[in-house]
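can you look at this prediction? I've put the sequence above it.
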Amino acid sequence: MMDSRSLAAALLLLFGLATVFAQTSAPGKACETKNGTSCEECLQNVTCLWCIKTKMCLTYPARTILPPHALCPLNDARWGLCWMNFQTLIITLAVIGGIIIIAFLVCLFCCCKCENFGSKRAEAKMEKQANKTRTKQEERRAEMKQRHDDVRKKYGLSGPNPYSKF
């Protein structure tokens, strides 16, 4: 059985293909000539709208975007597919569009958050490495000073410098 995502994707693909392949409509009242036929025959032309209630094939009113209720109620209007009413089509496309927008915003937020988290992490790692290097350098300086002091003590040079008078 198809899940809702694959059904929605199939519907979008079908409507896209229907609009591309059905652009061969004749100008004028081509839809009204198909009155009294079936829904499938009417909807072969993408500019046609089938009204189940009146069983009429009408030219889709593109200027009003949605067909007016006086022409055909949305529950009874069919466009693109005979088995799906116009109201369901609008709701489905709106939900899919909303999901896509929300998914895009979530991805955008996650990417920005991860990028900021990664840069803070990198800064902390660099700071830790700098502290380690500084600590090792101080230890080496202390060891060198200790060795120099031991050598001076061994040869009796730990006192005041005899050449400091000059």
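Okay, I see it. A quick note: this is a predicted structure, and the numbers were derived from the prediction, not measured.

only C-alpha atoms from now on, for both contacts and neighbour counts.
Fine.

quick one: which helix or strand includes the most centrally placed residue in the chain?
In the chain, the residue lying closest to the centroid (CA atoms, centre = their mean) is residue 104, at 2.6 Å. Assigning secondary structure by DSSP states H and E places residue 104 in helix 86-154.

residue 131: neighbour count?
12 (other CA atoms under 10 Å).

residue 87 too?
15.

wait, it sits on residue 74?
Yes. Counting by CA atoms under 8 Å, residue 87 does reach residue 74; the two are 5.2 Å apart.

residue ranges with poor pLDDT in the chain?
Within the chain, the set of residues satisfying pLDDT under 70 comprises 1-28, 114-119, 159-166.

run the chain-centre distance for the helix holding residue 104.
Relative to its chain's centre, helix 86-154 lies at 24 Å (CA atoms, centre = their mean, to the nearest Å).

packing partners for that helix?
If contacts are counted by 3 or more CA pairs under 8 Å, 6 or more residues apart in numbering; DSSP states H and E, helix 86-154 sits against strand 77-78.

what's the strand it packs on packed up against?
strand 48-51, helix 86-154.

helices or strands up against the first one?
Just to be clear, that refers to strand 48-51. Taking 3+ CA pairs under 8 Å, 6+ apart as the contact definition, the neighbouring helices and strands of strand 48-51 are helix 39-42, strand 56-59, strand 77-78.

deepest-packed of those, please.
Mean neighbours per residue, mean count of other CA atoms under 10 Å, is largest over these for strand 77-78, with a mean of 26.

need the helices and strands packed on strand 48-51 in JSON lines (columns: distance to residue 152).
Shown next, in JSON lines, are these (distance: least, CA to CA, whole Å):
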{"stretch": "helix 39-42", "distance to residue 152": "107"}
{"stretch": "strand 56-59", "distance to residue 152": "107"}
{"stretch": "strand 77-78", "distance to residue 152": "103"}
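
alright, that wraps it up for me.
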